[in-house]
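Novice: just coords:
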């Protein structure tokens with residue numbers, strides 16, 4: 001059974017930084033790409049970033065490119081999202097998931113709320 005547990009969200013002022021973590025289990029973590037997604041109030045969930053199984057390749061939505069960095073620690077079955085220069089429009093619940101062919105593979109976890117004040 002896949003479990004995805006996100007943490008690290010909070011309230012931050014515009015221009016600030018946060019680091020999100022996602023502990024994943026239920027699949028062989030090191031065999032899968034991982035992705036971060038977010039859902040803002042009243043909007044559909046959207047792709048934020050993805051990282052290959054080895055960590056050698058990363059992909060970002062245009063809206064976060066240059067500000068966010070995705071990374072992973074396969075020994076800890078954990079994927080991270082370092083978010084810098086945060087903007088109010090980054091306010092959302094952030095989710096991680098196993099990722100393949102541009103799709104999330106499993107049911108969503110509870111997510112972690114990021115609120116950026118102006």
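Specialist: Ah, there it is. Not measured: the values here are computed from a predicted model.

Novice: Need the per-residue pLDDT for the nearest residue to residue 68 once chain neighbours are set aside.
Specialist: In space, residue 68 comes closest to residue 83 once its chain neighbours are excluded; the distance is 5.1 Å by C-beta to C-beta, 6 or more residues apart in numbering. Every C-beta, even on glycine, is put in place using the N, C-alpha and C of the backbone. Model confidence at residue 83, expressed as pLDDT, equals 98.

Novice: who touches the residue positioned nearest the centre of the chain in this structure?
Specialist: Nearest to the mean C-alpha position of the chain, by C-alpha atoms, centre = their mean, lies residue 36 at 2.8 Å. If you count contacts by C-beta atoms under 8 Å, 6 or more residues apart in numbering, residue 36 has them with 20, 22, 48, 49, 50, 70, 79, 81, 94, 95, 96.

Novice: ditto for residue 14
Specialist: Going by C-beta under 8 Å, 6+ apart, the list of residues near residue 14 reads 86, 87, 88, 116, 117, 118.

Novice: Tell me where the chain has strands.
Specialist: 3-7, 10-13, 18-25, 33-39, 46-51, 58-60, 68-73, 78-83, 92-100, 103-104, 112-117 (DSSP state E).

Novice: mind showing which ranges of the protein have poor pLDDT?
Specialist: Regions of the chain meeting the criterion pLDDT under 70 are absent.

Novice: Please name the spatially closest residue to residue 13 (chain neighbours excluded).
Specialist: Closest to residue 13 by C-beta to C-beta, 6+ apart is residue 117, at 5.4 Å.

Novice: who are the neighbours in contact with that neighbour?
Specialist: By C-beta under 8 Å, 6+ apart, the neighbours of residue 117 are 11, 12, 13, 14, 88.

Novice: Thank you, goodbye.
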